[in-house]
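Chemist: Sequence and predicted structure below; questions after.
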Amino acid sequence: MTVTFQPGTSTPAPAASTRDLTGKRRIAFASYVDENYLPGFLALLRSLALSNPGVCEDFVVLHDDLRPASVARIRALHPRIVLRRVNTAHYDAYRKGDQDNYLVRKAYFILDVFRLREYDTVITLDTDMVVLGDLGELLALREGIAAVPQFFYGQHKLNSGLLVVQREYLSDAFCARLDATGRSGDYELDKHDQGILNAVLDGDFVPLDARYNYVKRRLSGDLPVPEDTAILHFTGRHKPWQGGETGYSLAEECWRSFEMSDAEFHAAYLARPGTLHHDLLVHYGTPHVARTGDVESARRVAAAHLAAGEYQEALDILSGVHIPLDEAWPHEVLGHALMSVSRDDEARARLLLATAAPNRAATAFARLAQLAWVHGDNAEALKYATAGLSVDPTHRSSRLWAQRAAAVPAQELGAPEDQLAHVAFYMDRQGNAGDKLLPETVRLGFGPDTTSRRWHSVHAHRLFDRAALERVNSRRGLVIGGGGLFIPDTMPNGNSAWQWNVPDEHLRGIDVPVIVYAVGFNAFDGQSYRAGRFHASLRLLVEKAAFFGLRNHGSIEKVRALLPAALRDKVRFQPCPTTVSRQLVPGWTDPAHREDTVLLNAAYDRAGLRFGHDYGHFLAETAKAVRAIGGHTEVRCVAHSLDDERIAFDLRREHGISLPVVPMYDYDNDAIRETYARTRLVIGMRGHAGMIPFGVGTPVISLISHPKMAYFLRDIERPEWGVSVHDRNLGAILTEKAVAMLDDHAAAVADVHDRQRLLWKVTEDNAAELRRILG
């Protein structure tokens, strides 16, 4: 792919979806539903949620004529229903004789599953099933078509109802085979209603344990349902909602346990132990709270909203219930919601109420410290943080705010008229190594002096109030960046809905040149911004900016799509300066000798968005790669933050692999650069675990779990330097790429230097314009 690095170019062609870039699997359940079997399907939906409360994927409902009222009942039980009308043409073409009943129609219509193109894995469930156990094993399957072999009629045939179908079968080619067999009539239509599929597969499927499709007939004589049954299938003519069948009372009692009103179902779901999926908790919890006014349920739903960055929604549901004064936890969560939308005075009142309860006091005091710090009151922040530590000396958040509030700001050495103001996320000690390095590296893009002689620091997360505005307006200009400042859930605020806490009024009041430099649009798959507030703030920022440079073309495409046509051409490419560190760091020399090591980095912030259901797969495949690469050189774990050390713990616990840990979160900027420059190869998941080593001349392989790394590799025309964490053959691909780079290391380094020259040319051209802007 050719990438043209031209400032101010026209809007590029639409980018691939973020899911395409990261390779994250999209999974769906699917059922064929008609009016006669609707009671069974409703019981199936309830059973799925109650037995797998942490699972919520799309549920495709195949139908040919459902009434609106039936659709409403279905949607009430699942937040991600996808309605799909079936293709009746192939039913008429395949039908044998005069048979025209539900089983026959379902047998043909379920073949429409193979015509679904938007999913990587589809799990079919019959409407006469109920789910009783964990389906995690099915969600983790990656190969072929999986099914339970028929119990009574031979292991070479799959049983109906439960199929786990992978992408290679969700294809035109496989549909053509099904269609040809159906039209030929060369198949056996038995009561198991999978005749066409069995004829095509001829036994070539992945066999599953019988507990995933445990047929009712095995329980004849009122036998109890085995405890390990995951899916119970009520095969046969007599269905539980139609009166049932003699000899199966215990099985039918199991089915009837899922026959309940919506109110009973909502209460049952909220009573489930363990982690509840955000979408389900919100879908069932919201009407439950509206119906009951239950404060604890409202708190749990609000907490789910907060975790997903839905701050106004969290505020709305807690504001709709009466919270007694002595209910500390709801007050604390409501305070969190209020401060996330910058209603700070109200937040402070709620958090003070929460400090009365010993079990919530430390968290409430930490949030009060954060509020005080955001408003520039270090003394107040330190007081609250100290109070939090007095309640719980191990409370990490209170300790962080105490350290931040007690830090002595560096004395400014320069005169305001000689300084540039710099809005950035200034990382704490033991903070993310990439974010720690960024502010200094951005400043190097403007000259070798990164000290307060030339720079006035403005922390992005502190409220940009009138005093801050006056300080900025007394400087030569304002630089904003770099890093992924366009992200909705890091220190949320209601003033801008991105990381810089700037009200529109004060953004408008800036009268010095505004330079947005190497900022990234950093949303994960599944994340969204509070559209109205973010869009308004973004538009105003672009209008104000004399230079608006984003660090990759993926971010450029995303941001341009949010702007009116007149502003789009202001958005240009400015690579992250960490990618050209060799050219920026004064006196830089490439190392004469490299250690015989490979550094491995994995990231765990927002792990659900990164890995989905595939973390076990990622870990197992990484273990294969580490063993293979370890035969060539030593592999070490490099941790940008404390949480990154988890890969070392998990590899040891699950796969018996011990890796030394490089605690980069404790390193200063020079040590970060030097460590990456001395190793032979970096395999990194974090954005800056790819960009920093690249910038100091070290070959990289990106473990892609976030679009930004795919964007970076696309910009340097080396998409082959990345592999998705979801890739089915991750271990083999990672090994092949790493060994090739290690075996011809000089060529790999030369290629890095060549790619770097592209980014340096853009940076130099932009620097010339910045000198003109700043005078």
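Modeler: Here it is on my side, so go on.
Chemist: how close does the closest residue to residue 755 other than its chain neighbours sit to residue 684?
Modeler: Spatial nearest neighbour of residue 755, excluding adjacent residues (C-beta to C-beta, 6 or more residues apart in numbering): residue 716 at 4.2 Å. Heads up, the C-betas are built off the backbone N, CA and C, glycines and all. Here the criterion is C-beta to C-beta, to the nearest Å. By it, residue 716 lies 15 Å from residue 684.
Chemist: Please identify which helix or strand holds residue 461.
Modeler: Using DSSP states H and E, residue 461 sits in no helix or strand.
Chemist: Spit out the contact partners of the residue nearest to it when sequence neighbours are not counted.
Modeler: Take residue 461 and drop its neighbours on the chain: the residue closest to it by C-beta to C-beta, 6+ apart is residue 491, 4.3 Å away. The contact partners of residue 491, taken as C-beta atoms under 8 Å, 6 or more residues apart in numbering, are 460, 461, 499, 501.
Chemist: And for residue 56?
Modeler: Per C-beta under 8 Å, 6+ apart, neighbours of residue 56: 78, 79, 80, 277, 278, 279, 280.
Chemist: any idea how far residue 58 is from the first one?
Modeler: Taken as C-beta to C-beta, the spacing of residue 78 relative to residue 58 amounts to 9 Å.
Chemist: Just want to know which of these two has more residues nearby.
Modeler: Counted by other C-beta atoms under 10 Å, residue 78 and residue 58 do not tie: residue 78 has more neighbours, with 23 against 18.
Chemist: Go ahead and confirm that one touches residue 59.
Modeler: Yes - under the criterion of C-beta atoms under 8 Å, residue 78 makes contact with residue 59 at 5.2 Å.
Chemist: which residues are common contacts for these two?
Modeler: Common neighbours of residue 78 and residue 59 (C-beta under 8 Å, 6+ apart) are residue 45.
Chemist: And the contacts of stretch 139-158?
Modeler: Contact partners of stretch 139-158, identified using C-beta under 8 Å, 6+ apart, comprise 27, 55, 57, 121, 123, 138, 159, 162-166, 168-169, 190, 192, 194, 197-198, 201-210, 212-213, 215, 217-218, 613-614, 616-617, 728.
Chemist: send the alpha carbons of it over as CSV?
Modeler: Taking C-alpha atoms only, stretch 139-158 is exported to CSV below (Å, rounded to 0.1, in the frame of the first residue of the first chain):
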residue,chain,number,x,y,z
LEU,A,139,-16.7,-19.3,22.5
ALA,A,140,-13.0,-20.1,22.4
LEU,A,141,-13.3,-22.6,19.5
ARG,A,142,-11.4,-21.5,16.4
GLU,A,143,-11.4,-24.4,13.9
GLY,A,144,-13.9,-25.9,11.5
ILE,A,145,-17.6,-26.8,12.3
ALA,A,146,-18.0,-28.2,15.8
ALA,A,147,-21.0,-30.2,16.9
VAL,A,148,-22.0,-33.1,19.2
PRO,A,149,-22.1,-36.4,17.3
GLN,A,150,-25.5,-38.1,17.1
PHE,A,151,-26.1,-40.3,20.2
PHE,A,152,-28.4,-42.9,18.7
TYR,A,153,-27.6,-43.1,15.0
GLY,A,154,-23.8,-43.0,14.7
GLN,A,155,-20.9,-40.9,15.5
HIS,A,156,-20.2,-40.0,11.9
LYS,A,157,-23.2,-37.7,11.9
LEU,A,158,-23.6,-34.4,13.8
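Chemist: For that stretch, give the mean pLDDT please.
Modeler: For stretch 139-158, mean pLDDT rounds to 85.
Chemist: and the gap between the residue positioned nearest the centre of the chain and residue 702?
Modeler: Closest residue to the average C-alpha location of the chain: residue 609 at 1.9 Å, with C-alpha atoms, centre = their mean. Applying C-beta to C-beta, the value for residue 609 to residue 702 is 17 Å.
Chemist: Start from the N-terminal end of the stretch 401-550 of the chain and give the strands.
Modeler: 420-424, 455-459, 477-480, 483-486, 514-521, 545-550 (DSSP state E, counting those that start in this stretch).
Chemist: Provide the strand pairings for the second one, with the direction of each partner.
Modeler: When sheet partners are counted by DSSP bridges, strand 455-459 sits next to strand 420-424 (parallel).
Chemist: what inclination does the partner strand have with respect to strand 514-521?
Modeler: Here the directions of strand 420-424 and strand 514-521 differ by 20 degrees (axes from the mean of the first three to the mean of the last three C-alpha atoms, to 10 degrees).
Chemist: got the contact list for strand 420-424?
Modeler: So strand 420-424 is contacted by 438-439, 442-443, 446, 454-460, 464, 471-472, 475-483, 500, 512, 774 (C-beta under 8 Å, 6+ apart).
Chemist: helices or strands up against the strand or helix carrying residue 336?
Modeler: In this structure, residue 336 sits in helix 328-340 according to DSSP H and E. If contacts are counted by 3 or more C-beta pairs under 8 Å, 6 or more residues apart in numbering; DSSP states H and E, helix 328-340 sits against helix 295-307, helix 311-319, helix 344-354, helix 358-374.
Chemist: I'd like to know how many residues surround the closest residue in space to residue 202 that isn't next to it in sequence.
Modeler: Among residues not flanking residue 202 along the chain, residue 156 sits closest, at 7.7 Å (C-beta to C-beta, 6+ apart). Residue 156: 13 surrounding residues under other C-beta under 10 Å.
Chemist: What of residue 261?
Modeler: Neighbours of residue 261 (other C-beta under 10 Å): 8.
Chemist: For the closest residue to residue 535 other than its chain neighbours, grab the count of nearby residues.
Modeler: Excluding the flanking residues, the one nearest residue 535 by C-beta to C-beta, 6+ apart is residue 562, at 5.6 Å. Neighbour count of residue 562, defined by other C-beta under 10 Å: 18.
Chemist: these two touch, right, residue 562 and residue 538?
Modeler: Yes - when contacts are counted by C-beta under 8 Å, residue 562 is listed as touching residue 538 (6.1 Å).
Chemist: now do the same end-to-end measure for stretch 698-708.
Modeler: Stretch 698-708 has its terminal residues 19 Å apart, counting by C-alpha to C-alpha, to the nearest Å.
Chemist: Run the chain-centre distance for that stretch.
Modeler: 16 Å (C-alpha atoms, centre = their mean, to the nearest Å).
Chemist: can you check stretch 300-312 too?
Modeler: 15 Å.
Chemist: Kindly format the C-alpha coordinates of that stretch as CSV.
Modeler: Extracted C-alpha coordinates of stretch 300-312, given in CSV (Å, rounded to 0.1, in the frame of the first residue of the first chain):
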residue,chain,number,x,y,z
ARG,A,300,-24.5,-1.5,40.1
VAL,A,301,-26.0,-0.3,36.8
ALA,A,302,-24.4,3.1,37.3
ALA,A,303,-21.0,1.4,38.0
ALA,A,304,-21.4,-0.5,34.7
HIS,A,305,-22.1,2.7,32.9
LEU,A,306,-19.0,4.4,34.4
ALA,A,307,-16.8,1.5,33.5
ALA,A,308,-17.9,1.9,29.8
GLY,A,309,-17.4,5.6,29.8
GLU,A,310,-21.2,6.3,29.9
TYR,A,311,-21.0,9.0,32.5
GLN,A,312,-24.3,10.8,31.9
